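Student: How does the following fold in three dimensions:
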Amino acid sequence: QLQASGGGLVQAGGSLRLSCAASGFTFDDYAIGWFRQAPGKEREGVSCINNSDGRTDHADSVKGRFTISSDNAKNTVYLQMNSLKSEDTAVYYCAADPVPWKPMEWGYENWGQGTQVTVSS
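Tutor: Prediction:
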């Protein structure tokens, strides 16, 4: 299971930290990704991480502003979002795939419920 939390309403330029708590699988063996879907738009990949070696990737639209990290002892992946923009407004989802590394574009198998992030301008 995947449980995303930490969304909310924030002003442009502000920060939020999302959490994705995982249970029921061997955390280190799974790639974890954050995705988002804005109203009327397709879902897009935001960031992903290899929990085994710490390798990360971020979409060009969030590079330099968002950082994905993991706490393997807590089976939790975080998405630190800084310098938020109105275009970051979306429902954010975390997902897991049973391989150590998987690019966001390839699709993930297991999904949690979303958490709403709203950035006011």
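Student: By neighbour count, which bits of stretch 37-50 are buried? Give me those.
Tutor: Neighbour-count burial for stretch 37-50 flags 45-50 (criterion: 16 or more other C-beta atoms under 10 Å). (Each C-beta comes from the backbone N, C-alpha and C, glycine too.)
Student: Check stretch 94-114 too.
Tutor: Going by 16+ other C-beta under 10 Å, stretch 94-114 has these buried residues: 94-97, 101-102, 104, 108, 110, 112, 114.
Student: which residues sit against that stretch?
Tutor: Taking contacts as C-beta atoms under 8 Å, 6 or more residues apart in numbering, the residues outside stretch 94-114 that touch it are 1-4, 7, 18, 20, 22, 25, 29-35, 37, 45-48, 50-53, 55, 57, 59, 77, 79, 91-93.
Student: Just the buried residues from the residues you listed, in ChimeraX please.
Tutor: Buried members of those, defined by 16+ other C-beta under 10 Å, are picked up in ChimeraX with:
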select :2,4,7,18,20,22,30,31,32,33,34,35,45,46,47,48,50,51,52,57,59,77,79,91,92,93
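Student: Mind checking which of the contacts of stretch 94-114 land in strands?
Tutor: Residues of the contacts of stretch 94-114 located in strands (DSSP state E): 2-4, 18, 20, 22, 31-35, 37, 45-48, 50, 57, 77, 79, 91-93.
Student: Out of the buried residues of stretch 37-50, which two sit at the greatest distance?
Tutor: Using C-beta to C-beta, the two most remote members of the buried residues of stretch 37-50 are V46 and N50, lying 15.6 Å apart.
Student: now stretch 19-35: mean pLDDT?
Tutor: With pLDDT averaged residue by residue, stretch 19-35 scores 92.
Student: what does stretch 84-92 give?
Tutor: Here the average pLDDT along stretch 84-92 is 98.
Student: Only C-alpha atoms, please: export that stretch in CSV.
Tutor: Extracted as CSV, the C-alpha positions of stretch 84-92 are listed here (Å, rounded to 0.1, in the frame of the first residue of the first chain):
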residue,chain,number,x,y,z
LEU,A,84,6.0,26.6,-6.1
LYS,A,85,4.2,28.0,-9.1
SER,A,86,0.5,28.1,-10.0
GLU,A,87,1.2,25.6,-12.7
ASP,A,88,2.2,23.1,-10.0
THR,A,89,-1.4,22.9,-8.9
ALA,A,90,-2.5,19.3,-9.3
VAL,A,91,-3.4,16.1,-7.5
TYR,A,92,-0.1,14.4,-6.7
